[in-house]
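In: show me the folded form of this:
(2 chains)
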Amino acid sequence: MSAAPAKLAALRHLLAERFPAAHRVAGRTLTTGLTAIDDATGGLPLGAVTEIICTAPSCGSQLLLGQLLAVTRATRTRVALVDSADSFDPASWPIDLLAHLVWVRCTAATALSATDFLSRDANLGLVILDLRHTPDRELRRTPSTLWYRLQRAVEPTDLALVVITPRATVPSAQVRFTLNTPLPFAALASERTALSTALALTLQRQRLTPHTAVA
Amino acid sequence: MFAVLHLPDFALHAVLRISHAAPGQPHALFAGIGKKSVLLAATAAARSAGVALGMTAPQAVARCPALVIHTPNPTAESEARAALLAVAASLSPTVEDTAPGVCTISLTGADLQKTFSFAHAAVASLAALALPATAGLARTPLLALYAARHPGFDRARSLNLSRSPSGNSPADLTTGRTRTHEKDERERYLLHLPPESEKQFLAPLPLATADPSPALAAIFATWGLHTLGDLTDLPRDELVRRFGAEGLALWQRATGGEPRPLRPIVPPQTFSASLEFEDAIETLEPLLFLLHRFLDRLTLELTASQHVAAELALTLHLVDETKHTRAFRLPEPTADPEILFRALHTHLASLHTAAAICAIFLRLTPARPLVRQQGLFDTGLRDPHGFAETLARVVALVGSGHVGTPHLADTHRPDAVTLAPPDAVIPAPATPPVHPALSAPLRRFRPPLPARLEFTDGHPAYLWTDRLEGEISFRSVAWPSSGDWWQADRAWSRLEWDIALTDGGLYRLLRIGDAWYIEGEYD
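Out: Okay, the predicted model is just below:
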């Protein structure tokens, strides 16, 4: 009996050597520059789905998006934004910040399929699916199998998939944060970097162990 | 040294190649469509069912009810011929289009061992193109053709081998030699005829191999001459004296002829393929099958001429006499048939035509392969073709004009955004602005939400829209903006306020004329 665990470990080692693509070390992350995320999980997990639940109005989801754009712009990592409600405002950002962005202006009906295509592309480092303004009835109609399909699509990749939702929607999310504090009126006169740093993200779920960030 | 690539039953295989025939089915090629037209060629499955050359269609079908009948297709033969010549060009630049299904290649100066491996590769390439071929290598074009037509010839039995230094008999050499299965397979379709083996190879071949006239064939048959060896055993001068120039020509053919200059083909200058369908097609699968066949051949021709494809042009002719044309500009020129096929597949998968397709035309625009040194810090695309395909799929899903990198139009008009194709190389980040950005970014409502307001003391106090409502706790001063006043049809003017609702939420309130809107949420 005592030989069985040793044999099992040897078998796992052999499989990892023969099939390295299937044996990805969990915990590779994309640093966001946001303390609330980086300290909790080491960053956005690569090859996994992260859900950001925005339960309050003006809770800072676009600030979070902007921070992700800034971080990936610095490393020239290509990003895709699947905008299911066509709500992204490029005029809110310096145009240089968007040079690496592929903006998909779609509807809730096509958003998941578009995300599926983009999540399988080796040229992208981050895909953001924005369902913040998607009506509840559309979200309820989405079968959970589609979310698990998305998770399977990103698992073998070096891509982080972030889904922004108005309520808990993604059952396959390995990491889940919530934003539930509305910005005060004074935020309209505050520096944006300070607003981003102060985002009150709360970790609600984590199914991966934290690891040293790779980006 | 010459090589011949030979496609047995050329016309039949040419038709099968583009007809999406299931493997293992019995197929036969008839001379025409009439009941009395005779069978010209049949697949092994048909022959094993008892179908034989010269049968009429009713006779053949009586023996093999599942027989699929075909008639010669000049376009299919032209495609197969082009594929054969493209593969042959990979062996040597001097290729002759000798006859339908036969091409002769000059290998003067070529290394013999490399020639073997190239010839094997050529036969394998043709097999991959659904054109089963045989190859022969010999001193003269005619000998190479004979070798290609009889690749399974067992040289060991026919050769008058002297005993080897080890003292083994020829039988021992035959049976004792270690042969790999792969070598056996290769020797079924490739035969090299060294000069010392020519006579022994030619001797047992039937007299018809040298293509005698019917009159000469009848005479030789009465003389009991049935093989080339029987003919060449006769004195040549006597044969010439008896039959003149015709006899001399036959003698020369029976001995394998002499090396002769080939009539080389001109490499193709355009790379296109077309086909008219007998029956109009309405589904995707037969179209994709055909396009794959076209691309296999066209990319071979491109590669042989040291070119790659920079652009594809596809034209579908419909039965209602309209046509659908689409050009595909490739992110990076390539001669990879799979990449080109995926570009076509992605487009056709979402295409709906008003009528069935009766003809198809595909053209590749050649270009020289890119020679590009990547910069050390360039962050170009890892897979340009994959990215283009991904974007094409997303565009097919969400519509064109809805995918791209945002660019702001040169105007103060709000929400004046255009989308451009993403850059292949992401530029280095610009220097950050001196003054940091203020305020939370806007999350727009497109179109803006119509709003109703309740005023107190002339100021908005309560807000209703379809999506949100609430008491307004804070508001900024009004911010007027206008533009394009010099163009009556494009002039715009508006007033904006930033507001906060008591229950949370920061919004941009908009007034255009007498109408109120919520333009977006500060998020």
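
In: and B:Val102, what are its bridge partners?
Out: Here B:Val102 sits in beta bridges with B:His6, B:Ala99, as judged by DSSP bridges.

In: distance of it from chain A?
Out: Computed as Cβ to the nearest Cβ, to the nearest Å, the B:Val102 to chain A distance reads 45 Å. Bear in mind the C-beta positions are built from the backbone N, C-alpha and C, glycine included.

In: also B:Gly505?
Out: 3 Å.

In: that residue contacts A:Cys59, correct?
Out: No: the criterion here is Cβ atoms under 8 Å, and B:Gly505 misses it with A:Cys59 at 9.2 Å.

In: more neighbours: the two, which one.
Out: A:Cys59 (26 against 22; other Cβ atoms under 10 Å in any protein chain shown).

In: can you give me the helices for the stretch 301-450 of chain B?
Out: B:337-349, B:384-398 (DSSP state H, counting those that start in this stretch).

In: out of those, nearest to A:Pro45?
Out: helix B:384-398 (22.2 Å; Cβ to Cβ).

In: who touches both of B:Gly505 and A:Cys59?
Out: A:Pro182 (Cβ atoms under 8 Å, 6 or more residues apart in numbering or on different chains).

In: any weak-confidence spans in chain A?
Out: Across chain A, residues meeting the criterion (pLDDT under 70) sit at A:1-5, A:9, A:12-13, A:16-17, A:19-27, A:208-215.

In: apart from its chain neighbours, what residue comes closest to B:Asn73?
Out: B:Val15 (5.0 Å; Cβ to Cβ, 6 or more residues apart in numbering or on different chains).

In: what residues does stretch B:404-419 touch?
Out: Contacts for stretch B:404-419 (Cβ under 8 Å, 6+ apart): A:88-91, A:95, A:98-103, A:105, B:401-403, B:420-423, B:444, B:446, B:481, B:483-484, B:492, B:494, B:519.

In: helices of the stretch 151-300 of chain B, start to end?
Out: B:155-158, B:170-176, B:181-189, B:198-202, B:214-223, B:228-232, B:236-254, B:284-304.

In: could those go into a markdown table alongside distance to chain A?
Out: What follows is the helices of the stretch 151-300 of chain B, written out as a markdown table (distance: least, Cβ to the nearest Cβ, whole Å):
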| stretch | distance to chain A |
| --- | --- |
| helix B:155-158 | 43 |
| helix B:170-176 | 40 |
| helix B:181-189 | 26 |
| helix B:198-202 | 49 |
| helix B:214-223 | 65 |
| helix B:228-232 | 57 |
| helix B:236-254 | 59 |
| helix B:284-304 | 19 |
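
In: for A:Tyr148, which of these is the nearest?
Out: Among the helices of the stretch 151-300 of chain B, if distance is taken as Cβ to Cβ, the winner is helix B:284-304, at 28.9 Å.

In: tell me the angle that closest one makes with helix B:337-349.
Out: Angle, helix B:284-304 to helix B:337-349, by axes from the mean of the first three to the mean of the last three Cα atoms, to 10 degrees: 150 degrees.

In: point to the helix or strand of chain B where mean pLDDT is at its lowest.
Out: helix B:170-176 (a mean of 34; mean pLDDT, DSSP states H and E).

In: read off the pLDDT value for the residue lying farthest from the centre of chain B.
Out: For chain B, the largest distance from the centre (Cα atoms, centre = their mean) belongs to B:Asp457, which lies 74.7 Å off. Note for B:Asp457: predicted pLDDT of 89.

In: re earlier: confirm that the residue nearest to B:Asn73 sits in a helix.
Out: Yes: counting by DSSP: H, G, I helix; E, B strand; the rest coil, B:Val15 falls inside a helix.

In: so how far is chain A from it?
Out: 38 Å.

In: same question for B:Asp457.
Out: 19 Å.

In: ok, now B:Val394?
Out: Applying Cβ to the nearest Cβ to B:Val394 and chain A gives a distance of 5 Å.

In: no further questions, thank you.
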